[in-house]
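> Requesting a structural model of the entry that follows:
(chains A and B)
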Amino acid sequence: MNDHDDIERAEPIENPGVPAHLPRPTDVDPKQERRAELQVSGMFGVAGLLALAFCVFYFTIDRDQTFLGWSALNVALGATLGSALLLIGVGAIQWAKKLMGDHEIIEMRHPVASSTEDRAETLKALNAGIDESGFARRPLIRNSLLGAVGLLGLPAVVLLRDLGPLPHSLYETVWKKGMRVVSDVSGTPIKPSDLEVGQLVNAEPGIIFETDADGERVLHGTEALQAKAKAAVIVVRMRPEDITPAKDRENWGIEGILCYSKICTHVGCPISLWEQQTHHVLCPCHQSTFDLADAGKVIFGPANRPLPQLQLGLDGEGYLIAMGDFQDVVGPSFPELKRGPKS
Amino acid sequence: MRNLSTRRRHPLAGLMVLLVGLLVAGGLFSAFAPQSATAVDEDSRKVEAGRQLFLIGCASCHGKNASGVLTKSGNNYGPSLIGVGAAAVDFQVGTGRMPLTNNAPQAPRKEPVYTDEEISQLAAYVASLGPGPSIPGAEALDYKNASEEDVKRGGEFFRTNCTACHNSVGAGGALPSGRYAPKLTGASAKHIYEAMVTGPQQMPVFSNAVITPEDKLAVIAYIKAIEDEPSYGGYGGGGLGPVVDGLFAWIVGIGGLVGVAVWIGANGARVKKQ
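As a prediction, the model looks like this:
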């Protein structure tokens, strides 16, 4: 006992204690009580009817029927099931608030920790276990066990590594010298005379649509998707006098037709949002903007490399072909990638 | 016939033959020759009527000869219309984008100012200036008879070529500097076709050599099909999917739950009466 305890005991305001218990209207008025009872049972009853209505609607409403432009079936099923659940919930709360017992209860707090005897008993059992297994006395067994458990991590690493290809193929695409540039979806080859000034073509390398002797696609499944994801291009035509080609790339286009990668160099979204009058292509993901009349230069946004350009040529029949693979890495940048042409 | 042949020597017979000959010749002339004359006349009158309309409503920006007007700095005040074709006029004037009412980043869709007849006269005048895409005929726009395969194929073309700007269900989208790709709902098949061929404003051209007229029809059929599609998720929100639904769930759903929680915690009515 010291002075501090005395000071703490002298409370500035008298402890008012628990406020007096006041009854609810439903506790004292039998009419109100009856009313609340009807409310709650009414809500539960309607919920039951709605559940039945759900089943009826499920079988009677046609899938193609519409209601105010929405699917009638979806509206009916959602409204009945949702309202049924809501009414059960609201009814339960109303029941608890109006009719269930309403007296205050005080529950005293108890220490959470186990008793001293229990704790001592547990420690004793644990030490006995360590002693009898000889975990500390037999280091050979202990260390081999630890080694085995550690090595069990390796299968996991091997499996995880196989989930995807190692990123060595990021440096090349399926484009090759002489491969035709074909229109996406239809796979038709493109002649320069097919394109007007201001035209945009979403194009693919010819190999995507190539078929073998049996009429099967040369590339299919995941392989085709991966090839497409890296090799997709956009072909645009501008007035030749509007174009400022990069150094040593003056002959990469044909009569104002230029070909660029369709994959944004920021995080790899496909971009074909091309404004024909400003010659800008905009990435919808993070607003990186590239000027296609100015060698694909980044003029806005988070991308930090120009859009890779594909050198175009013409084959014997006058169709657009690639003059080789991209000289720059296509797709999103990654830490190992130095800015500029790949070596 | 015998009656006619017995009177062949009648004094008035020669006169009658002459009369009949003159009537036949005159009839034939009035039946054939003037008709072709009116057709030529009709066309040139239409072009002339279009030119008159052009001089009043368009020449102040596009120039008296429709060859465009340059600003002092060499930019386009109004671009040249030589070679843009009738399709461009029908699209720009038919959707109310032209005549431009004010200097905005982009000409918006509005009620057309000219009547259909005036638009066809303007189109005829501009088409007479140089070769360009013409207004598509009814058979190129017959999307109502498109098969389900056409709609599916049109969807592939749409998602490859159009979705970047116009959204996967044609709800439109934003472009830099206050410009935008308009929504495609409510646009007529003819105007969609003309937009693809002519590339209005910032939209690129999709020429018939690359996207064939059949492919264009399939694209139109897809746009019309998704327009009729009922909205399965309640509010469509431009087909943006879980983003819109999530926003609704956060604001309305969680907001509602907060309200319910307040109600549960609220102390109900109490009475003094014992």
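
> Return the distance of the helix or strand where A:Ala96 lies from the chain's centre.
Assigned by DSSP states H and E, A:Ala96 falls within helix A:72-98. Per C-alpha atoms, centre = their mean, to the nearest Å, the displacement of helix A:72-98 from the mean C-alpha position of its chain is 32 Å.

> repeat for stretch A:174-189
31 Å.

> Determine how far the last residue of it lies from the first.
Terminal residues of stretch A:174-189 are spaced 17 Å apart (C-alpha to C-alpha, to the nearest Å).

> Quick one: check it for contact with chain B.
Yes. Interface with chain B: stretch A:174-189 contributes A:183-186, A:188 (C-beta under 8 Å from any C-beta of the partner chain). From N, CA and C alone the C-beta is placed, and that goes for glycine too.

> For the residues you listed, give me JSON lines that also has secondary structure.
Output for those, formatted as JSON lines (DSSP: H, G, I helix; E, B strand; the rest coil):
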{"residue": "A:Ser183", "secondary structure": "strand"}
{"residue": "A:Asp184", "secondary structure": "coil"}
{"residue": "A:Val185", "secondary structure": "coil"}
{"residue": "A:Ser186", "secondary structure": "coil"}
{"residue": "A:Thr188", "secondary structure": "coil"}
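
> is it possible to export those to TSV including pLDDT?
What follows is the residues of stretch A:174-189 next to chain B, written out as TSV (pLDDT from 0 to 100):
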residue	pLDDT
A:Ser183	93
A:Asp184	90
A:Val185	89
A:Ser186	89
A:Thr188	92
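
> And the buried ones among those, selectable in PyMOL?
Typed into PyMOL, the next command selects the buried ones out of the residues of stretch A:174-189 next to chain B (criterion: 16 or more other C-beta atoms under 10 Å in any protein chain shown):
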select buried, chain A and resi 183+184+185+186+188
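
> Need the contact partners of stretch A:233-250.
A:181, A:190, A:195-205, A:252-253, A:255-262, A:271-272, A:274, A:276, A:279, A:281, A:292-295, A:309-312, A:320, B:204 (C-beta atoms under 8 Å, 6 or more residues apart in numbering or on different chains).

> ok so, going back, could you give me the buried positions within the helix holding A:Ala96?
A:72-77, A:80-81, A:83-84, A:87-88, A:90-91, A:94-95, A:97-98.

> Please enumerate the helices of the stretch 201-343 of chain A.
Ranges of helices in the stretch 201-343 of chain A, per DSSP state H, counting those that start in this stretch, are A:221-231.

> So which residues on it come close to chain B?
Going by C-beta under 8 Å from any C-beta, the residues of the stretch 201-343 of chain A near chain B are A:201-202, A:236, A:270-278, A:280, A:282, A:284, A:287, A:289, A:300.

> Apply 10 Å and report the result again.
Residues of the stretch 201-343 of chain A lying close to chain B (C-beta under 10 Å from any C-beta of the partner chain) are A:201-204, A:232, A:234-237, A:262, A:269-278, A:280-284, A:287, A:289, A:299-300.

> still on that earlier bit, toward the C-terminus, what is the element adjacent to the helix holding A:Ala96?
Using DSSP H and E, the helix or strand that directly follows helix A:72-98 along the chain is helix A:116-133.

> tell me which strands and helices the helix holding A:Ala96 is in contact with?
helix A:25-28, helix A:30-60, strand A:66-67, strand A:70-71, helix B:254-265 (3 or more C-beta pairs under 10 Å, 6 or more residues apart in numbering or on different chains; DSSP states H and E).

> which one of those lies closest to B:Glu227?
strand A:66-67 (13.0 Å; C-beta to C-beta).

> picking up where we left off before, what inclination does the helix holding A:Ala96 have with respect to helix B:254-265?
Angle, helix A:72-98 to helix B:254-265, by axes from the mean of the first three to the mean of the last three C-alpha atoms, to 10 degrees: 20 degrees.

> re the thing from before, quick one: which of the helices and strands packed on helix A:72-98 is nearest B:Gly27?
Per C-beta to C-beta, nearest to B:Gly27 of those: strand A:66-67, 61.5 Å.

> And for that closest one, what's in contact with it?
A:61, A:72-76, B:228-231 (C-beta atoms under 10 Å, 6 or more residues apart in numbering or on different chains).

> Name the strands paired with it and say parallel or antiparallel.
Strand A:66-67 has its sheet partners listed here by DSSP bridges as strand A:70-71 (antiparallel).

> where does the residue nearest to A:Leu195 when sequence neighbours are not counted land on pLDDT?
Spatial nearest neighbour of A:Leu195, excluding adjacent residues (C-beta to C-beta, 6 or more residues apart in numbering or on different chains): A:Arg237 at 4.4 Å. According to the prediction, A:Arg237 has pLDDT 94.
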